[in-house]
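Visitor: A structural model of the following input is requested.
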Amino acid sequence: MNDAVPSPDRPNDPFANAAVPDARSLRGLAHPLRLRILSLLEKHGPATGKAVAERLGITSASASYHLRQLLAYGFIEEAPELGSTRERWWRAPHRGFRLPESLDTEAPELSTAVRMALAARWAEDLNGAVQVWSAQPEGWREAQVMSERRTRLTVDELAALREEIRAVLDRYARDVEEAVPGGRVVTTHFAAFPSPGPDDEPPRDPA
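Guide: Coordinates of the predicted model:
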């Protein structure tokens, strides 16, 4: 997921082929399980409903329902050349999705639901990484990172920080299918936001 608008100045933008939902189609993503299914198809390629159910540990009925929802809102499509009269195959035609910032005012409840679902999925990723953190091979163990920083910024500084971080991520962007000697798939999560804690608000000037 990326909030950015496509730009010709980002030649390595991994979201160049991303889906761009509107207020209607955003409903198709506002469910944690649908995000997991979409991520599965993006990462591992086409799959049947049965394969999706087995991979995610859900019922075939649940997989079928959420696949139909993703289809209805344009996030997946059928792969008829892989299917048969007995089973249908599904694929994700896009790589990720961009969440236009305008949706935070046009459909705030839905955009919040999508971000909550993303946060839950990212937490699963991080929990999985932490469980094997100490068991990573030498070099990889030291190179991985978890970090939390607190600072005080203006809105312009926060926007500049966001763009600088994106530029760094774009510089290291490669297709995960690309053959890189010694390379492994690396997941990065980045978030920067005004602290939601009321205790972090600056004191008001008595005057």
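Visitor: may I see the buried residues of stretch 103-123?
Guide: 103, 107, 110-111, 113-115, 117-118, 121 (16 or more other CB atoms under 10 Å). For the C-beta atoms, the positions are set from N, CA and C on the backbone; glycine is no exception.
Visitor: what's that stretch in contact with?
Guide: 1, 21-23, 26-27, 29-32, 34-36, 39, 99, 189 (CB atoms under 8 Å, 6 or more residues apart in numbering).
Visitor: let me see the mean pLDDT of that stretch.
Guide: Here stretch 103-123 scores 92 as its mean pLDDT.
Visitor: equivalent analysis for stretch 197-207, please.
Guide: Rounded mean pLDDT across stretch 197-207 is 66.
Visitor: quick one: Ser111 and Ser195, what's the gap?
Guide: The gap separating Ser111 from Ser195 is 20 Å, by CB to CB, to the nearest Å.
Visitor: check Asp170 too.
Guide: From Asp170 across to Ser195, the span is 27 Å (CB to CB).
Visitor: in terms of neighbours, single out the busier of these two.
Guide: Asp170 (17 against 10; other CB atoms under 10 Å).
Visitor: and the more buried one, how far from Ala143?
Guide: 20 Å.
Visitor: so what pLDDT did Glu138 get?
Guide: In this model, Glu138 carries a pLDDT of 96.
Visitor: does Leu110 count as helix, strand or coil?
Guide: helix (DSSP: H, G, I helix; E, B strand; the rest coil).
Visitor: sorry, slip of the keys, the one I care about is Leu35.
Guide: helix.
Visitor: that one touches Leu29, doesn't it?
Guide: Yes. At 6.2 Å, Leu35 counts as touching Leu29 under the criterion of CB atoms under 8 Å.
Visitor: circling back to that earlier point, with respect to Ser64, which of the buried residues of stretch 103-123 is nearest?
Guide: Nearest to Ser64 among the buried residues of stretch 103-123: Ala117, at 19.6 Å, using CB to CB.
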